[in-house]
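Participant: next input, structure requested:
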Amino acid sequence: MNTFSLVTQQIAEQRIEEAKQEGQFDNLPGEGEPLEMEDLSHLPPELRLTYKILKNSGYVSPEIEDRKEIDNILEILDNTTDEKERYQQVQKLNFLVMKINEQRKSPVNLEVDQVYYQKVLEKVEVNTRQKPNN
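Facilitator: Just a heads-up that it's a prediction; the model follows:
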């Protein structure tokens with residue numbers, strides 16, 4: 001450990017001890033409860049702090065927002081009987097899946113995570129009647 005790191009660590013420990021003696025750590029929310037440790041092992045070590053800062057500030061990645069919107073659309077499809085509304089929601093769904101696929105190295109495969117294709121088939125009625133020729 002270099003001299004700067006050693007001095008910084010000593011200063012930090014001294015300030016923590018002073019704060020303890022002054023009672024600054026008394027009656028804090030969650031006192032006496034186990035810490036909730038978040039598993040960030042799936043992230044590269046150099047990105048973990050950045051991820052934590054963004055998460056604590058309320059930032060949500062665009063892909064996560066799109067996935068939430070996909071979940072909302074699937075819920076709407078489950079609960080609507082209006083064919084026009086179903087069609088519009090399927091259009092939105094297709095757009096969001098395409099958008100996520102373009103941003104990722106590997107495509108989003110909703111058929112694995114959800115019964116996407118079957119759900120759409122069940123929810124969207126296709127008019128197979130042809131219009132009469134005039």
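Participant: would you map the helices across the protein?
Facilitator: 3-22, 45-56, 62-79, 83-103, 110-113, 116-123 (DSSP state H).
Participant: mean pLDDT lowest for which of those?
Facilitator: Lowest mean pLDDT within the helices of the chain: helix 110-113, a mean of 46.
Participant: gap between Ser61 and Gly32?
Facilitator: Ser61 sits 34 Å away from Gly32, going by C-beta to C-beta, to the nearest Å. (C-beta placed from N, C-alpha, C; glycine too.)
Participant: comparing these two, which residue is more hemmed in?
Facilitator: Taking neighbours as other C-beta atoms under 10 Å, Ser61 and Gly32 compare with Ser61 leading, 12 against 5.
Participant: dihedrals phi and psi, the more buried one?
Facilitator: Torsion angles at Ser61 (phi, psi; degrees, to the nearest 10) stand at phi -70, psi 150.
Participant: gap between it and Leu54?
Facilitator: In terms of C-beta to C-beta, Ser61 sits 8 Å off from Leu54.
Participant: cool, Glu18 as well?
Facilitator: As judged by C-beta to C-beta, Glu18 and Leu54 stand 32 Å apart.
Participant: Met37 too?
Facilitator: 18 Å.
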